[in-house]
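# Predicted model and sequence below, questions to follow.
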Amino acid sequence: MRESFQAFVDAARRLGVYMADDYINILKSLFAHWNVGGICGLNEIAEKSRDYLVALPERLEKSYPKG
């Protein structure tokens, strides 16, 4: 998956469209709007998935410097 995302970022940079920081900002906005971090009452697998998603923007920020 990382290779696919990197290919997307590279193509976007060449075309002058969405870049990694745009994608990160979209994720942050959607997660806040949907209150993903505040979802409760999940089973163990769903909690792990939620935690993964909530942490994703920060991990991406570390991996993809702003364009």
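Happy to help now that I have it.
# ok, the residue nearest to residue 50 when sequence neighbours are not counted to residue 49 distance?
Nearest residue to residue 50, sequence neighbours excluded (CB to CB, 6 or more residues apart in numbering): residue 39, at 5.8 Å. From N, CA and C alone the C-beta is placed, and that goes for glycine too. Distance, residue 39 to residue 49, by CB to CB, to the nearest Å: 10 Å.
# any chance you could map the helices in the protein?
Ranges of helices in the chain, per DSSP state H, are 2-15, 20-34, 44-63.
# for stretch 12-30, which positions count as buried?
12, 18-20, 23-24, 27-28 (16 or more other CB atoms under 10 Å).
# One more: stretch 45-61?
Quick answer for stretch 45-61 (16+ other CB under 10 Å): 50, 54, 57, 60.
# what is the rounded mean pLDDT of it?
For stretch 45-61, mean pLDDT rounds to 96.
# mind checking how far that stretch is from the chain centre?
Chain-centre distance of stretch 45-61: 8 Å, with CA atoms, centre = their mean, to the nearest Å.
# contact partners of that stretch?
Contact partners of stretch 45-61, identified using CB atoms under 8 Å, 6 or more residues apart in numbering, comprise 20-21, 23-24, 27-28, 31, 36-37, 39, 42.
# okay, that stretch in PDB with CA atoms only?
Only the C-alpha atoms of stretch 45-61 are listed here, as PDB (Å, rounded to 0.1, in the frame of the first residue of the first chain):
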ATOM      1  CA  ILE A  45     -10.700  -5.400  16.200                       C
ATOM      2  CA  ALA A  46     -12.700  -2.200  15.600                       C
ATOM      3  CA  GLU A  47     -10.900  -0.400  18.400                       C
ATOM      4  CA  LYS A  48      -7.500  -1.300  16.800                       C
ATOM      5  CA  SER A  49      -8.700  -0.100  13.400                       C
ATOM      6  CA  ARG A  50     -10.000   3.200  14.900                       C
ATOM      7  CA  ASP A  51      -6.700   3.700  16.700                       C
ATOM      8  CA  TYR A  52      -4.800   3.000  13.500                       C
ATOM      9  CA  LEU A  53      -6.900   5.500  11.600                       C
ATOM     10  CA  VAL A  54      -6.700   8.200  14.200                       C
ATOM     11  CA  ALA A  55      -2.800   7.900  14.200                       C
ATOM     12  CA  LEU A  56      -2.500   7.800  10.400                       C
ATOM     13  CA  PRO A  57      -2.200  11.500   9.700                       C
ATOM     14  CA  GLU A  58       0.700  11.900  12.200                       C
ATOM     15  CA  ARG A  59       2.500   8.900  10.700                       C
ATOM     16  CA  LEU A  60       2.000  10.300   7.200                       C
ATOM     17  CA  GLU A  61       3.300  13.700   8.300                       C
END
